[in-house]
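>>> prediction below, plus the sequence it came from.
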Amino acid sequence: MTDGSGMSAFDKPNSYIGRSVPRPNAKRLAQGRGTYVDDIELPRMLHLAFCRSPYAHAEIVSVDKSAAAALPGVVRVVTMEDLKDHCSPWVGVLDHLKGIKSAPQWPLANGKVFFQGEPVAAVVATSRAIAEDAVDLVEIDYKELAPVTDMETALDADTPVIHPELGDNLCFERRIDAGDVDGAFAEAAVVVEETFHFNRHTGVTLEPRSILCDYNPADETLTLYMSVQCPHMSKNLYARHLGLNEDRVRVICKDVGGSFGIKIHTYSDEMTAGALAVMLGRPVKFVADRLESFVTDIHARDHRVTARMAFDAEGAVTAIDIDDLTGIGPYSVYPRSSGIELNQVANLTGGPYRHRNYRVRARAVFQNKGMMCQYRGVGHPIAVAVGEALIDKGAAALGLDPAEVRRRSFIPDDAYPYTSPSGAIYERQSHHQSLDKLLGLMDYDALREEQHRLRAKGIYRGIGFASLIEVTNPSPAFYGIGGARIASQDGCTIRLDPTGGLTCATGVTEQGQGTEGIIAQIAATAVGVAPGQVRVITGDTDVVPYGGGTWASRGAGIGGEAALQAGKELRRNILTVAGAILQCTPVSLDIRDGIIVDAEGGGERMPLAELGRLVYFRGDTLPDGLQPELVATKHYTSRSYPFAFTNAAHACLAEVDVETGLVKLLNYWVVEDCGTVINPLLVAEQTRGGVVQGLGAVLYEECLYSSEGQMINGSLADYLVPMAGEMPDIVVDHVTTPTETSELGAKGVGEAGTAGAPGAVMNAINDALGPFAVRLSHMPFTPDKILRALDKT
Amino acid sequence: MAAPTMVTLTVNGEPVSRAVEPRLTLADFLRDALGLKGTHVGCEHGVCGACTLRLDGVMVRGCLTLAVQCEGAAVETIEGVTESGALKDLQEEFVARNALQCGYCTPGMLMSAAELLDRRPVPSRAEIREHLSGNYCRCTGYQSIVDAVETTARKRAGAGR
């Protein structure tokens, strides 16, 4: 919402929207007083550990549980045969992804194993240590089968079919052919082409996946303490697959130690914990250790993209043609499917640009590796890197500056709303403004001059850009229409307490990004109290309104709008009561800083605490006929567009040491347009955190597999994540184009950093190596790969 | 599995005696035997730094230290330094700068940062980044953490502390 000046209408006294106020839960966490799942202990609680397959593909010949079961402290040892009456299998497909297929997945291996780390048997014991001791005593004989690991040959006729009943190893294929692609390439002034490899990597949440399942057979209730982003989705899935009444399943999600999309999927070991809790009638806890996390948390990316781009003589993009192949492991992940990432690559490549001719073939194939699914950014890092690399390559061929080619190709500011050739509808974006602001922030001309000066001294620096769009605030078009019971709407209930404070329950969840903080800011602003007067409750399906949770950068845009509307409703209710008590019209009153005042002049009439006292304890003194309602609930779902789209412009300055192959990140800039900014402090660090995850992907992080399907670097000592010492300071600034689909105007900001960084760094490295006439396009860009490109190994 | 051994130590100033299995890590001992849940376990192989704590005044990884090694030792955890107020200014600066998101790395990060500030009262940003490189944070991007440590150092120096 903006007024004529372009300022947010929330930028006024008594508004906390747009203010950098600290998060209410940060103090607790800074004192080590958080409550993560593993911190919770229940009476008679048992611990769970798993026998996991050492092979990527094998038949289970026999399992001997006897020695393990005899170990003191062991309560139960189970295989899939023991769970079959207690848990049904799942299939990770969505109806609207036409043709997608997958095989039924069971909580424990059902006769065959399909990836290294797949759970085969489970041990329940009085301590995790005893359970692990017993795991070593379970004897499992396997008959190895040929593993399918190379996605490039997964569809070949002589490659074994992983699930024979599916007919082939193709999970999903998406094609787009819009405009006249062949004609555009034939007429092009310049055509560039490249093949890109996007490394398989994973989320490495510092708190591993964790679940504590507490079944009470007396009233048939299952309480799940989970570390998840989507409590209501989990409630539905556990009820459905454990055969329970969904109304008697409660998910409680206290502090979540990082998620990034990892903790939003169905994991077989967690479902096993649920089944065992029901079977045993005792609480069962499972906390993945780091080695288990590496082989069983969902992985992301693992794409090979061959792409070409056509330009006209003026330097504008006229056509894009891409072929994407991605390896997703042996199953499409449930319930969101493993088809969404390639779908996003198909939807978004070249998204900021005006071309009308667009062709995509994108295929997801099965393989005997860890499963691949939605992780922060979902397809965006690939779409952005491919598009932006080709823009840079085209600029070089055209003899134009990379920033100039972007300007000539961006969708013009006056063309919105705009429908892309992939069918995506953009309400309004600010590519020109964002890039102009970015160039100013980084002092682009001076950097180019410095770059040329330093090259003469043998110092190779590069500047890389990435302009991007990001899908946020999804409507039911994302999952609901595909048959998944994943809510796209969210709700908020706000109550005025007798103290004058507010208690606010929201369906969106907190994973550290500051959801509780921004909901408090919005509720405080809408009602007219200080944020410190608002207590926010999240993550308990017995308490909060039904909602989707926090993913797809939807917390602020969907949950925030529900909070704003609930707060406004409560404010109206309060003023109705106040008007009746004070014998004046509600519109003549206002609420400021917890006090009911005259709208004109601001004279104090009554503190909210006094109104609360009268309503809750002295109803006898209220005017006749007045039935006060000091609780308001509102829900919000995006209706006018299927998605919101944010946009951003990133730039990276990197120095490549051509003797060692090391890349040093010297500076990084982001101009982000996420619509209304609710808390600049939180948005800035969310953006930086997102960028750093993208920097990890492009420089360090890779799940390395042997040709036998063994992950060979599955420990934190071997898998590299970004450390403080190698990360640059990151400059974050904004252009603000609020969405007009909601009053709040927030579009979301959780993933854009991750989306842009890999492409910006790839472009910077290739710019730095320009004098050597080599290009790198196989992430991550390790020193070894850079030296090989330079022919120096 | 070897028989439990008695170990006597002080934890956050309180004397503690327990019989522990020789294989029990100090981190698990603190969390499971004493209920001190502020020490977090992130990797159990000494890399991530989430379990960083102070043993006889020296930073150690709680996951690489065995409880039986701590006979006669003095252990300090995030709970102890919070109650003593030793890190109050640093904790307040972490909150003010939003130098934490999910909070899982934060206790270990604070313990490591405190050690740096004890050793080098006014470290440079590069020194702060270098020192904190044994503590992984997956959420923040590190910049706000560096800001918080740097600001605390300057404030302490300004106050003559």
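Cool, the structure landed. What you see is a predicted model, and the numbers here were worked out from it, not measured in a lab.

>>> could you list the low-pLDDT ranges of chain B?
Across chain B, the ranges flagged by pLDDT under 70 are B:1, B:161.

>>> okay, now the domains of it?
When chain B is parsed with automatic domain parsing, its domains come out as B:5-81, B:87-158.

>>> and the first one, how far apart are its ends?
In terms of CA to CA, to the nearest Å, the two terminal residues of domain B:5-81 are separated by 28 Å.

>>> what of the shortest one?
Domain B:87-158 has an end-to-end distance of 17 Å (CA to CA).

>>> related to what we said a few turns ago, looking at the domains of chain B, which is closest to residue A:129?
Closest of the domains of chain B to residue A:129 is domain B:5-81, at 7.1 Å (criterion: CB to CB). C-beta: built from backbone N, CA, C; applies to glycine.

>>> quick check: residue A:408 touching residue A:316?
Yes - in this structure residue A:408 lies within contact range of residue A:316 using CB atoms under 8 Å: 4.7 Å.

>>> which parts of the host helix or strand of residue A:580 are buried?
If you go by DSSP states H and E, residue A:580 is part of helix A:560-582. The neighbour-count check on helix A:560-582 (16 or more other CB atoms under 10 Å in any protein chain shown) flags A:560-571, A:573-582 as buried.

>>> check which helices and strands it sits against.
strand A:490-496, strand A:502-506, helix A:515-527, strand A:589-592, strand A:595-598, strand A:604-607, helix A:608-617, strand A:631-636 (3 or more CB pairs under 8 Å, 6 or more residues apart in numbering or on different chains; DSSP states H and E).

>>> need those in a markdown table (columns: mean pLDDT and distance to chain B).
Converted to a markdown table, the helices and strands packed on helix A:560-582 look like this (pLDDT from 0 to 100; distance: least, CB to the nearest CB, whole Å):
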| stretch | mean pLDDT | distance to chain B |
| --- | --- | --- |
| strand A:490-496 | 97 | 21 |
| strand A:502-506 | 98 | 18 |
| helix A:515-527 | 97 | 9 |
| strand A:589-592 | 96 | 26 |
| strand A:595-598 | 97 | 27 |
| strand A:604-607 | 98 | 28 |
| helix A:608-617 | 98 | 27 |
| strand A:631-636 | 98 | 25 |
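
>>> just the ones you listed: most buried one?
Most buried of the helices and strands packed on helix A:560-582, by mean neighbour count (mean count of other CB atoms under 10 Å in any protein chain shown): helix A:515-527, with a mean of 28.

>>> between it and strand A:631-636, how many degrees?
110 degrees (axes from the mean of the first three to the mean of the last three CA atoms, to 10 degrees).

>>> now do residue A:26 against chain B, distance only.
5 Å (CB to the nearest CB, to the nearest Å).

>>> residues in contact with the nearest residue to that residue once chain neighbours are set aside?
The shortest distance from residue A:26 to any non-neighbouring residue, by CB to CB, 6 or more residues apart in numbering or on different chains, is to residue B:95 (4.5 Å). By CB atoms under 8 Å, 6 or more residues apart in numbering or on different chains, the residues touching residue B:95 are A:22-23, A:26-27, A:30.

>>> you'd agree residue B:95 is in a helix?
Yes - Residue B:95: assigned to a helix according to DSSP: H, G, I helix; E, B strand; the rest coil.

>>> just give me how far the helix or strand hosting residue B:83 sits from the chain centre.
Element membership of residue B:83, judged by DSSP H and E, is helix B:78-84. Its chain's average C-alpha position is 10 Å from that of helix B:78-84, according to CA atoms, centre = their mean, to the nearest Å.

>>> could you do stretch A:158-178 as well?
26 Å.

>>> in it, which residues are buried?
Buried, per 16+ other CB under 10 Å, within stretch A:158-178: A:159, A:162-163, A:168-174, A:176, A:178.

>>> now render the residues you listed as JSON lines, adding secondary structure, distance to chain B and pLDDT.
Output for the buried residues of stretch A:158-178, formatted as JSON lines (DSSP: H, G, I helix; E, B strand; the rest coil; distance: CB to the nearest CB, whole Å; pLDDT from 0 to 100):
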{"residue": "A:159", "secondary structure": "coil", "distance to chain B": "36", "pLDDT": "98"}
{"residue": "A:162", "secondary structure": "coil", "distance to chain B": "31", "pLDDT": "98"}
{"residue": "A:163", "secondary structure": "coil", "distance to chain B": "34", "pLDDT": "98"}
{"residue": "A:168", "secondary structure": "coil", "distance to chain B": "37", "pLDDT": "98"}
{"residue": "A:169", "secondary structure": "coil", "distance to chain B": "33", "pLDDT": "98"}
{"residue": "A:170", "secondary structure": "strand", "distance to chain B": "34", "pLDDT": "98"}
{"residue": "A:171", "secondary structure": "strand", "distance to chain B": "29", "pLDDT": "98"}
{"residue": "A:172", "secondary structure": "strand", "distance to chain B": "29", "pLDDT": "98"}
{"residue": "A:173", "secondary structure": "strand", "distance to chain B": "33", "pLDDT": "98"}
{"residue": "A:174", "secondary structure": "strand", "distance to chain B": "31", "pLDDT": "98"}
{"residue": "A:176", "secondary structure": "strand", "distance to chain B": "34", "pLDDT": "98"}
{"residue": "A:178", "secondary structure": "strand", "distance to chain B": "37", "pLDDT": "98"}
